[in-house]
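Engineer: Need coordinates for the below:
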Amino acid sequence: MIGVDIGGTNLLIGKVNGSTVTQRMHEPIIKRGDFYAVARQVSDAILSFAPQELDTVGIAVAGGVDAENGIVLRAQNLDWDNVPLAEVVAEQLQCKVVIENDVTAAAWGEFKFGAAKNADSMFAVWVGTGIGGGLILDGNIWRGPLGTGGEFGMSISEHEPKIQDRVLESFASRSGLQRVTGVADLDTEAITIAYNNDEEITYAVNAGAKRIGSSIANVITLLSLDTVVLGGGLIEALGSPFIRQIRNQFDIDVFPHHCRSCVFTQTALGPDAGLLGAADIASHS
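Structural biologist: Next comes the predicted model:
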C-alpha cells in the first residue's frame, strides 16, 4: 500500500504495511497553484519511489474534498478549485486512487493506530502551513452530506468586516503568522526560535493559540466530544507551551464547565498519521 500526504508546502510518500510506515520519501511541492504540475510531480515521485507496489494509492490532501468523486473542492494553500485529483493521478499511475482531506486522514490514522485508538469519537486539529480538522464520530469518519465535515481552519475567527482574511488559519497557522507579523519568510524553525524570545512573534503565536482554543471549545460544546488530538508542524515544533495556550483558552470558553474533562493529546504518529490514515481508507474503499 502507498500513502501520500500533499500538504500546503511538502509532499510525503510512504510504503505502508498495516499499521506501520516502512519507508518514506519527502520533497517540497515545486509549483503550488499549478494543479497539473503538482499531480505530475506526485505521480512521478510515486513511480520512482515504489514502482512495484502500485495496487491502491491513498492520497491525503490539504483542502476540502469530495472523497466519493475524487475531487479537491478547494485547497487554499495550493490555490486549487474543483480539480479531479484522483482521476488524474489514477490515469498516470494506472491504479486505484482514493483521496481524503489531510486532517481527516490523519484523524483516522490516530484513531486506528495512534493517540485516539482507545476512543469512540474524536476531533483532530492540525496546525501547520494551514489549519485543518478531522472528525471521527462513533467509530466512523464524519464527512457529512456536503462532504466537508471537520473543516476547521476556514471557520470565521474575526468579525471586523474591514479585515479581508477573517478565517482562523489566516491568524493562527504558519502562513497566517507570516501575514500577521509581515515577515514573509517566517518558517517553522524561525517561529520556534523566536517563541518566548521575540515579543512581537510571541504575541502573534499566543494570540493565534487563543483563537484555536476558542474554536475548539465551540466544536466540543456543539458535539460533546471527549478527545482532541493536536498535530501538525507548529504543534510538534512548539510543543507544550503552545498547547498550554490553546488549552487555557479552551478551558475559559468551553460550555458547560464539565466539558473541561475533554482530553487533549498530541499526535502519536506525527507525519505518519496522514500516510497511515490515507492508506487504510483507500484499502477499505
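Engineer: Buried residues in stretch 75-86, which are they?
Structural biologist: 75-78, 80, 83-86 (16 or more other C-beta atoms under 10 Å). For every residue, glycine as well, the C-beta is placed using N, CA and C.
Engineer: now that stretch, how far from the centre of its chain.
Structural biologist: With C-alpha atoms, centre = their mean, to the nearest Å as the basis, stretch 75-86 stands 15 Å off its chain's centre.
Engineer: Would you mind measuring the gap between the ends of that stretch?
Structural biologist: For stretch 75-86, the first and last residues are 14 Å from each other (C-alpha to C-alpha, to the nearest Å).
Engineer: re the thing from before, among the buried residues of stretch 75-86, which lie within helices?
Structural biologist: When DSSP state H is applied, the buried residues of stretch 75-86 are split such that 85-86 fall in helices.
Engineer: Closest to Val4 out of the buried residues of stretch 75-86?
Structural biologist: Ranked by distance to Val4 (C-beta to C-beta), the buried residues of stretch 75-86 are led by Leu85 at 10.2 Å.
Engineer: For the closest one, give me its contacts.
Structural biologist: 35, 39, 59, 61, 70-72, 97, 99 (C-beta atoms under 8 Å, 6 or more residues apart in numbering).
Engineer: Looks like Gln23 contacts Gly14 (just checking).
Structural biologist: Yes: contact criterion C-beta atoms under 8 Å: Gln23 and Gly14 qualify, at 6.7 Å.
Engineer: between these two, who's got more neighbours?
Structural biologist: Gly14 (26 against 12; other C-beta atoms under 10 Å).
Engineer: Now the phi/psi pair for that one, please.
Structural biologist: With angles defined as degrees, to the nearest 10, Gly14 sits at phi -140, psi 150.
Engineer: And the one 3 residues further on, by the same measure?
Structural biologist: Comment: the main-chain dihedrals of Asn17 come out as phi -130, psi 100, following degrees, to the nearest 10.
Engineer: So what pairs up with it in the strands?
Structural biologist: Beta-bridge pairing of Asn17 under DSSP bridges involves Thr20.
Engineer: next one: Asp81
Structural biologist: The residues listed as beta-bridge partners of Asp81 by DSSP bridges are Arg74.
Engineer: Gly132 versus that one, what's the distance?
Structural biologist: Distance check for Asp81 against Gly132: by C-beta to C-beta, to the nearest Å, it reads 17 Å.
Engineer: Spit out the contact partners of Phe255.
Structural biologist: Contacts of Phe255 (C-beta under 8 Å, 6+ apart): 217, 221.
Engineer: Poorly predicted segments of the stretch 51-200 of the chain, please.
Structural biologist: For the stretch 51-200 of the chain, the stretches flagged by pLDDT under 70 are 162.
Engineer: Strands of that one, start to end?
Structural biologist: For the stretch 51-200 of the chain, the strands defined by DSSP state E, counting those that start in this stretch cover 56-61, 64-66, 71-75, 80-83, 96-101, 122-127, 131-137, 140-141.
Engineer: can you put those in a markdown table and add distance to Glu110?
Structural biologist: As requested, the strands of the stretch 51-200 of the chain are arranged in a markdown table below (distance: least, C-beta to C-beta, whole Å):
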| stretch | distance to Glu110 |
| --- | --- |
| strand 56-61 | 13 |
| strand 64-66 | 19 |
| strand 71-75 | 22 |
| strand 80-83 | 25 |
| strand 96-101 | 14 |
| strand 122-127 | 6 |
| strand 131-137 | 9 |
| strand 140-141 | 12 |
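Engineer: For Thr148, which of these is the nearest?
Structural biologist: With C-beta to C-beta as the measure, strand 64-66 is the member of these nearest Thr148 (4.9 Å).
Engineer: So what's the gap between stretch 69-87 and the chain middle?
Structural biologist: Here the centre of stretch 69-87 is set off from its chain's centre by 15 Å, with C-alpha atoms, centre = their mean.
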